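Enquirer: okay, here's the prediction I keep looking at, along with the sequence it came from:
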Amino acid sequence: MFRRRDRRGLGRAVWEVIYPKGGWNRTYIYVKHRLQRLPGTPEQIARGIAVGVFTAFSPFYGLHFIVAGLLAVLLRANVLASLLGTFFGNPLTYIPIGAAALGTGYSLLGQRLDSEFHVGFGQMFLRALSELWYNFKATFTVAHWDWTYLLEFWDTLFFPWLVGGLPPGIISGLVAYYVSVPAIRAYKNRRKGLLAAKLAELRKKALLKRDKDSGI
């Protein structure tokens, strides 16, 4: 009953993650309208957006929604806005975000970043997850744990990214906040004005109908 009529193949599903159906412009418009219609004060919604943008600079891929939601609760921000804000991190921005975070992280840690290191971010994360899953299963079998790659992954990618993602994440989050507050406030005020005008028009029509029915 709830199955798609046109079943997607694996290739099409992967492609739509990189390039959504209807294009990124349509996705941007959808997220924009969703943010504008969220309940709460402009400041709460903007804090949520800032939290989502900040989270996009973290290396917790696959957990961005969870991290953003928890931070939104702690900061009393709009949780749904924080989830939508994580869309700042997408296939078009993953590489620039990773490069900026790693470059900053290696600089702060006083280490040198290999110029060819940016190749294969996705493969490195997948391999780390694969080894993590292997070790989890090994807990319940006779197999032995193997943390060799995970330790290398932590030292060369995850920790530098975690440290280096903080400065650009905070800056981008603050920019998102201060840009979003006036935009959301203007939209809400405009919407209130339109609703007030519509209510006034409905009252006017109701009065005219009452006068007509009473024969005045």
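Expert: Good, I have the coordinates.

Enquirer: ok, the most centrally placed residue in the chain - contacts?
Expert: Centroid check for the chain by C-alpha atoms, centre = their mean gives residue 86 as the closest residue, at 0.9 Å. Applying C-beta atoms under 8 Å, 6 or more residues apart in numbering, we find residue 86 in contact with 52, 53, 55, 56, 64, 65, 68. Heads up, the C-betas are built off the backbone N, CA and C, glycines and all.

Enquirer: what sits closest to residue 180 if chain neighbours are left out?
Expert: residue 46 (3.9 Å; C-beta to C-beta, 6 or more residues apart in numbering).

Enquirer: these two touch, right, the one you found and residue 185?
Expert: No: between residue 46 and residue 185 there is no contact under C-beta atoms under 8 Å: 9.0 Å.

Enquirer: neighbour-wise, which of these two wins?
Expert: Shown here are residue 46 and residue 185; by other C-beta atoms under 10 Å, residue 46 has more neighbours (27 against 15).

Enquirer: which residue sits closest to residue 138, ignoring its sequence neighbours?
Expert: Nearest non-adjacent residue to residue 138, counting by C-beta to C-beta, 6+ apart: residue 145, 5.3 Å away.

Enquirer: quick one: the one you found from residue 42, how far?
Expert: Distance, residue 145 to residue 42, by C-beta to C-beta, to the nearest Å: 50 Å.

Enquirer: which of the two has more neighbours?
Expert: In this view residue 145 and residue 42 are compared by other C-beta under 10 Å, and residue 42 has more residues nearby, 19 against 12.
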